[in-house]
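Participant: Sequence plus the predicted model coming up.
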Amino acid sequence: MTFQNAALVAVDWGTTNLRAAVLDEAGSVLDKRASDKGMGQLVPDEFEPVLVDLIWDLLSDGAVLPVICSGMVGARQGWQEAPYVSAPCKAAGMEQAMQVATSDPRLSVWILPGVSQAKPADVMRGEETQIAGFLSKFPKFDGVLCLPGTHTKWVRISAEEIVSFQTFMTGEMFSLLSTQSVLRHSVGADAMDIATFNEAVSDAMSRPQAVASKLFSIRAETLLADIPEEVARGRLSGYLLGLELSASRPYWLGMDVALIGDPALCGLYKDALEAQGCPSRVHDASDLTVAGQWAAYQSIKDTP
């Protein structure tokens, strides 16, 4: 298959993976590609060869193909650091992007910046592109975006700006506790008991000060009552999400909330929020990432 109409390659380059979408002049996706060559395993001079290896068939002598990258590729340890833009701010676009010098003259590579916040100190890198994509589709949105993941972001949006945001390490804590703590002996199944999850969310929100003790009770009940792994998993996940929702209440209470991320994970957040009387809508993160990169491209496509 050839892609003679390729106008842009939109790259989401994270710590562990690289994902690219090939777009035509109308912004329609012609092809999607992926690699396991994430930022975490590369040194700066390895990024360009990895990119060329992924899109070699799109490159033509005498032509320059624009490539817009977002994510951890712009971190201090990445290809080239793209400095943060300070919030409150517009979702970062090409006016703050860094152009990377490449050896291959057929490439024009740009890296989008992340967003920082001074007080309380916080940063995001990659999520701002999803936010830009969301706002390109819903420019009048005034409310809160929640982006669940390893480090979940709660972001206040008004007048097409990122007003403030807060990060929760809920996903990483779940991973560490379920694989490296004593709870790894109890939480082994991929399946999760949803009724137990919902009960644990409510319990943690009612008494967040008791969660540390309740976490160990998961192990104790496994030993004494032989509770199923899916029940233990639901309880662990529910307690941690309940803690997050309790602390993030000023963001979502009484607000219009949209969830951006993996549909399954967003579904857990949606159910937990609706149990608190807060309705929300789910949007796919990969589609919004591409939309954000395309929106950024529109501001520089005539730049030499």
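Facilitator: Noted; the coordinates are in hand. Numbers count the residues shown, from 1 in each chain.
Participant: How about the secondary structure of the nearest residue to Glu199 once chain neighbours are set aside?
Facilitator: Excluding its sequence neighbours, the residue lying closest to Glu199 (Cβ to Cβ, 6 or more residues apart in numbering) is Gly238, at 6.8 Å. Placement of C-beta: from N, CA and C, glycine included. Using DSSP: H, G, I helix; E, B strand; the rest coil, the structure places Gly238 in helix.
Participant: Can you give me the neighbour number for Gly238?
Facilitator: 27 (other Cβ atoms under 10 Å).
Participant: Any regions of the stretch 51-200 of the chain where pLDDT drops low?
Facilitator: Residue ranges of the stretch 51-200 of the chain with pLDDT under 70: 92.
Participant: What are the boundaries of the strands in it?
Facilitator: Assignment of strands within the stretch 51-200 of the chain using DSSP state E, counting those that start in this stretch yields the ranges 65-70, 85-86, 89-90, 98-100, 107-111, 115-117, 122-124, 143-147, 152-158, 161-168.
Participant: Next, the buried residues of the longest one.
Facilitator: Residues of strand 161-168 classed as buried under the neighbour-count rule (16 or more other Cβ atoms under 10 Å) are 162, 164-168.
Participant: Can you add distance to Ala91 and give those back as a markdown table?
Facilitator: Shown next, in a markdown table, are the buried residues of strand 161-168 (distance: Cβ to Cβ, whole Å):
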| residue | distance to Ala91 |
| --- | --- |
| Ile162 | 6 |
| Ser164 | 14 |
| Phe165 | 11 |
| Gln166 | 17 |
| Thr167 | 16 |
| Phe168 | 20 |
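Participant: Looking at the residues you listed, spot the one nearest Leu59.
Facilitator: Nearest to Leu59 out of the buried residues of strand 161-168 is Ile162 (Cβ to Cβ; 34.8 Å).
Participant: tally of neighbours for Ser103?
Facilitator: Neighbour count for Ser103, taken as other Cβ under 10 Å: 9.
Participant: Restricting to C-alpha, output stretch 175-182 in PDB.
Facilitator: Extracted as PDB, the C-alpha positions of stretch 175-182 are listed here (Å, rounded to 0.1, in the frame of the first residue of the first chain):
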ATOM      1  CA  SER A 175       0.200  -1.200  39.800                       C
ATOM      2  CA  LEU A 176       2.800  -1.100  42.700                       C
ATOM      3  CA  LEU A 177       0.400  -2.500  45.300                       C
ATOM      4  CA  SER A 178      -0.900  -5.200  43.100                       C
ATOM      5  CA  THR A 179       2.400  -6.400  41.800                       C
ATOM      6  CA  GLN A 180       5.100  -5.500  44.500                       C
ATOM      7  CA  SER A 181       3.400  -5.300  47.900                       C
ATOM      8  CA  VAL A 182       2.000  -8.100  50.100                       C
END
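Participant: any idea how far Thr152 is from Asp104?
Facilitator: Per Cβ to Cβ, to the nearest Å, Thr152 is found 37 Å from Asp104.
Participant: Nice, that's everything, thank you.
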